[in-house]
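Colleague: here you go, sequence then predicted model.
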Amino acid sequence: MPAVIHSLEELRGILDTWRNAGETVALVPTMGSLHQGHKALVQEATSQADRCVVSIFVNPLQFGAGEGFDEYPRSLVADEAFLADTLVDVVFAPSAEVMYPEGPGAAPTLSAGEVGDSFEGSSRPGHFDGVLTVVKRLFDYVHPDVAVFGCKDAQQVFVVREMVNQRALPIHIVEVDTVRDADGLALSSRNTHLSEAERVHAREIPRALDEAEKTPSASEALRVARSILDAAPGLVVDYVEMVDPETFRPPADTAGIREGRLIIAATAGTVRLIDNRLLRFGQ
Ligand code: PAF
């Protein structure tokens with residue numbers, strides 16, 4: 001069973017012991033409500049470092065008004081039990097006061113720049129600034145050698161990587177493939193809010209990715225994915241785009257590219273769903 005700690009003093013004490021023993025540390029930042037997708041992150045983290053810290057903190061800075069911060073499920077006891085059969089050493093579950101002693105509103109916010117304002121950031125203004133602010137603070141507290149994130153949030157991984165590169169932080173960012181349910185839907189804490197009918201509609205998202213993957217070119221992949229999603233009953237599509245994995249921007253000329261990430265966001269009922277896949281063409 002991992003030790004569950006809430007204070008910075010406890011965290012620093014444990015980290016000092018590990019560091020003095022020459023051990024490396026991996027961090028898996030989460031907002032709790034853990035599922036098999038998180039377990040895949042944890043398995044990767046524990047394979048990459050001697051010690052593993054999972055942080056659980058529902059970060060107010062990354063929720064806009066009406067985005068469900070208050071309703072976000074908090075389930076520390078269940079999360080702790082969920083990690084019992086893993087090699088996680090510590091669950092760091094700080095309060096808002098520990099995370100933001102100056103008050104969340106007064107914490108200096110990092111900027112995720114232009115990419116942070118596109119796609120998810122365009123529909124959720126300030127979201128990635130809030131993500132970067134909490135991730136940087138967790139990095140400052142834990143000083144991990146490795147930090148592990150899920151590919152489902154591809155734009156999040158991109159902005160975190162950019163921050164690490166721009167600041168030359170000595171942290172290896174590792175991405176873990178999206179874990180899917182048997183019906184193809186990417187695992188997400190939000191899936192529990194889908195009704196049976198909405199779940200059927202939501203399956204069109206992984207189907208669009210599957211069908212796009214069968215096409216010979218990026219422009220055809222985009223066309224196929226868009227036509228499936230536009231025709232899907234019960235889905236309100238926010239975006240279906242192909243981005244260059246190096247820049248997270250649409251390429252100047254989609255037609256000839258050999259690699260692109262197809263990114264999708266759509267709403268089923270009240271549940272916003274995102275998914276993506278890295279596609280390769282003409283190889
Ligand atoms: O992906 C998440 O769960 C959150 O955005 C993260 C990285 C834990 C920051 O709050």
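Modeller: Sure, I can see it. These numbers were taken from a predicted model, which means no experiment stands behind them. Numbering: from 1, shown residues only.
Colleague: C-alpha only now, for contacts and for neighbours.
Modeller: Noted.
Colleague: what count of nearby residues applies to residue 19?
Modeller: Neighbourhood size, residue 19 [other C-alpha atoms under 10 Å]: 12.
Colleague: any idea how far residue 28 is from it?
Modeller: The gap separating residue 19 from residue 28 is 18 Å, by C-alpha to C-alpha, to the nearest Å.
Colleague: equivalent analysis for residue 107, please.
Modeller: 22 Å.
Colleague: so for the two, which sits in the more crowded spot?
Modeller: residue 28 (25 against 14).
Colleague: just confirm that one is within a strand.
Modeller: Yes. Under DSSP: H, G, I helix; E, B strand; the rest coil, residue 28 sits within a strand.
Colleague: can you pull up the bridge partners for it?
Modeller: For residue 28, the beta-bridge assignment (DSSP bridges) gives partners residue 54.
Colleague: doesn't residue 150 make contact with it?
Modeller: No. When contacts are counted by C-alpha atoms under 8 Å, residue 28 is not listed as touching residue 150 (9.6 Å).
Colleague: can you give me the strands in the stretch 1-150 of the chain?
Modeller: Ranges of strands within the stretch 1-150 of the chain are 3-5, 25-30, 51-56, 90-92, 146-150, based on DSSP state E, counting those that start in this stretch.
Colleague: relative to strand 51-56, how tilted is the last one?
Modeller: The reference is to strand 146-150. Following axes from the mean of the first three to the mean of the last three C-alpha atoms, to 10 degrees, one obtains 50 degrees for the angle between strand 146-150 and strand 51-56.
Colleague: quick one: distance of strand 146-150 to the chain centre.
Modeller: Distance, stretch centre to chain centre, for strand 146-150: 9 Å (C-alpha atoms, centre = their mean, to the nearest Å).
Colleague: for it, packing partners?
Modeller: strand 25-30, helix 36-48, strand 172-176 (3 or more C-alpha pairs under 8 Å, 6 or more residues apart in numbering; DSSP states H and E).
Colleague: for those, which one ends up most surrounded?
Modeller: strand 25-30 (a mean of 25; mean count of other C-alpha atoms under 10 Å).
Colleague: so, in contact with the ligand or not, that one?
Modeller: Yes. On the criterion C-alpha under 6 Å from any ligand atom, strand 25-30 is in touch with the ligand at 29-30.
Colleague: what residues does this protein have near the ligand?
Modeller: Residues of the chain lying near the ligand by C-alpha under 6 Å from any ligand atom: 29-31, 59, 131, 135.
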